[in-house]
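Trainee: got a predicted structure plus its sequence, pasted below:
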Amino acid sequence: MCELEPILTGREAEVAKLVFDGLVNKEIALRLGIAEQTTKNHITVICRKFNVRSSRGIPKKLLQHDYVSYFDYKTA
């Protein structure tokens, strides 16, 4: 089990991965079949949990804590 699971919900982890992959809110919403506002809400919560100011800080936080290998494991 990775540290990411207790911190983020499954959907938040999905959104964080897509932010890491470089998708913008509209693309994330389309990919996940959710409203763009819902995507923004998830990103706001992720930023709060990761203590970053904007979605631009999410990839850095994911790299700092080696969450990227967690995503590789989950998608393999």
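Mentor: Happy to help now that I have it.
Trainee: relative to Asn25, how far out is Arg31?
Mentor: Distance, Arg31 to Asn25, using Cβ to Cβ, to the nearest Å: 11 Å. Bear in mind the C-beta positions are built from the backbone N, C-alpha and C, glycine included.
Trainee: shaky segments in this structure?
Mentor: 1-6, 68-76 (pLDDT under 70).
Trainee: what about the closest residue to Ile7 other than its chain neighbours, distance to Ile58?
Mentor: Nearest residue to Ile7, sequence neighbours excluded (Cβ to Cβ, 6 or more residues apart in numbering): Lys49, at 5.7 Å. Between Lys49 and Ile58 the distance is 10 Å, computed by Cβ to Cβ.
Trainee: and these two? Which one has more around it.
Mentor: Between Lys49 and Ile58, Ile58 has the larger neighbour count (other Cβ atoms under 10 Å), namely 21 against 14.
Trainee: count the neighbours of the nearest residue to Phe50 once chain neighbours are set aside for me.
Mentor: The shortest distance from Phe50 to any residue other than its chain neighbours is 4.5 Å, reached at Lys61 (Cβ to Cβ, 6+ apart). A total of 17 residues lie near Lys61 under the criterion other Cβ under 10 Å.
Trainee: before we move on, which element is Lys61 in?
Mentor: helix 57-64 (DSSP states H and E).
Trainee: just the CA trace of that helix, in PDB.
Mentor: What follows is helix 57-64, C-alpha atoms only, in PDB (Å, rounded to 0.1, in the frame of the first residue of the first chain):
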ATOM      1  CA  GLY A  57       2.300  22.000  -7.600                       C
ATOM      2  CA  ILE A  58       0.700  18.600  -7.800                       C
ATOM      3  CA  PRO A  59       3.300  17.000 -10.200                       C
ATOM      4  CA  LYS A  60       6.100  18.200  -8.000                       C
ATOM      5  CA  LYS A  61       4.500  16.800  -4.900                       C
ATOM      6  CA  LEU A  62       3.900  13.500  -6.600                       C
ATOM      7  CA  LEU A  63       7.600  13.300  -7.700                       C
ATOM      8  CA  GLN A  64       8.800  14.300  -4.200                       C
END
